[in-house]
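> Quick one, what's the 3D model for this:
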Amino acid sequence: MTIFEAYNTTKKKLEAAGIEDYVFEAKQIIKHITGFNSVQILSSYNNKLTQFQENNLTAIIHQREIRYPLQYIFGEWDFYGRSFCVGTGVLVPRADTETVIDKSLEYLKNTEKPKILDLCAGSGCIGITLGMEVLEAEVLMIEKYPEAFRYTLKNIECNKADNVKALMGDIFERAGAEGEYDLIVSNPPYIPQAQMSEISPETAFEPETALLADDNGMEFYKAIIDGYSASLKKGGMLIFEVGIGESEIVAELLENAGYHNIEIKKDLNHIDRAVSGIMEE
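Sure thing, here's the model as predicted:
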């Protein structure tokens, strides 16, 4: 089987499995099994796969046909231009979350040596990215679950993020709240129980603890606002990733807690994705 044949076969099988981004995924899979970049693939379309590569391709396609996440299959995924290790027990980094990074960096450009707190850190993609983009920052990440925390630590090490630290703790017990921060950021669980059946098949393989939130999805937002607002410096920013249809409610929670300059930022799909507010000075 040539690379060209493998690519076409992969596309057809992924499409038949109902995978929306089957063209993108087919390209990523071929890159993964060959070790080639896009230019090398284009110049090597007629090269034959080795038997090992064919076997690897077959195994990956079978896993995707049952909708096992491609990110878990690869064991890593890119986020904001960096690679993050992922696997069972940790939420997959998503491009939507880069909206939170963009807004955070916009705020941080006017802050010297900022102190940043990342709550419900998971893979650490938010806190590590902010630490690597703002090298003079001090970042503390909080993650409750051991399965996810091992990826938090691994990604700090792999990205050589020396200015980023991690603590295993519970935000409902205000872990990390004893500090004073310029920026507090969180992509918490926010999917209400009633919507769990509507999410993508791949999400069924991700930890429910990183997805599900009580109080109609507001449980973590309320806990963070109540428990961590006192840890934010005057003029500091609190920013959340939010689910579909949640932005106005979270904005109101921030307003009621005394925040001002509240902003809602859309992701690349024009969906409200980040809600931020500034602590009164």
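
> tell me the SS of Ile244?
Using DSSP: H, G, I helix; E, B strand; the rest coil, the structure places Ile244 in coil.

> if I look at it, how far off is Ile271?
6 Å (C-beta to C-beta, to the nearest Å). (C-beta placed from N, C-alpha, C; glycine too.)

> Stretch 66-75 spans what distance, first to last residue?
17 Å (C-alpha to C-alpha, to the nearest Å).

> Start at 403, not 1
Sounds good: first residue 403 from here, last item stretch 468-477.

> Buried ones in that stretch, by neighbour count?
Neighbour-count burial for stretch 468-477 flags Arg469, Tyr470, Pro471, Leu472, Gln473, Tyr474, Phe476 (criterion: 16 or more other C-beta atoms under 10 Å).

> Pull the residues that contact the helix or strand bottoming out on mean pLDDT in the chain.
Ranked by mean pLDDT, DSSP states H and E, the weakest helix or strand in the chain is helix 440-444, scoring a mean of 90. Helix 440-444 is contacted from outside by Ile405, Tyr409, Lys429, Ile432, Lys433, Thr436, using C-beta atoms under 8 Å, 6 or more residues apart in numbering.

> Next, count neighbours for Asn658.
9 (other C-beta atoms under 10 Å).

> how near is it to Ala596?
Remark: distance between Asn658 and Ala596 (C-beta to C-beta) = 24 Å.

> check contacts around the residue in the chain sticking out farthest from the centre.
Distance from the C-alpha centroid of the chain, by C-alpha atoms, centre = their mean, peaks at Asn448 (36.5 Å). When contacts are counted by C-beta under 8 Å, 6+ apart, Asn448 touches Thr404, Ile405, Phe406.

> quick one, phi/psi of it?
With angles defined as degrees, to the nearest 10, Asn448 sits at phi -90, psi 0.

> re the thing from before, which one of the contacts of Asn448 is nearest Thr499?
The nearest member of the contacts of Asn448 to Thr499, counting by C-beta to C-beta, is Ile405 at 32.3 Å.

> can you give me phi and psi for that closest one?
Per-residue torsions, Ile405: phi -60, psi -40 (degrees, to the nearest 10).

> how many neighbours does it have?
Close neighbours of Ile405, defined as other C-beta under 10 Å, add up to 21.

> any low-confidence regions in the stretch 403-552 of the chain?
Along the stretch 403-552 of the chain, the model assigns pLDDT under 70 to no residue.

> Can you show me the strands along it?
Applying DSSP state E, counting those that start in this stretch to the stretch 403-552 of the chain gives strands spanning 478-481, 484-487, 517-521, 540-545.

> Could you give the separation of the longest one from the chain centroid?
Between the centre of strand 540-545 and the centre of its chain there are 15 Å (C-alpha atoms, centre = their mean, to the nearest Å).

> Which other helices and strands does that strand contact?
strand 517-521, helix 527-535, helix 548-560, strand 566-570 (3 or more C-beta pairs under 8 Å, 6 or more residues apart in numbering; DSSP states H and E).

> and if you look at the first one?
Contacts defined by 3+ C-beta pairs under 8 Å, 6+ apart place strand 478-481 against strand 484-487.

> Show me how far the strand it packs on is from its chain's centre.
11 Å.

> Which residues does that strand contact?
Against strand 484-487 from outside (C-beta under 8 Å, 6+ apart): 477-480, 495, 525-527, 530-531, 534, 553, 556-557, 560-561.

> PyMOL command to pick out the buried ones of those residues?
Provided next is the PyMOL selection string for whichever of the contacts of strand 484-487 are buried by 16+ other C-beta under 10 Å:
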select buried, resi 478+479+495+525+526+527+530+531+534+553+556+557+560+561
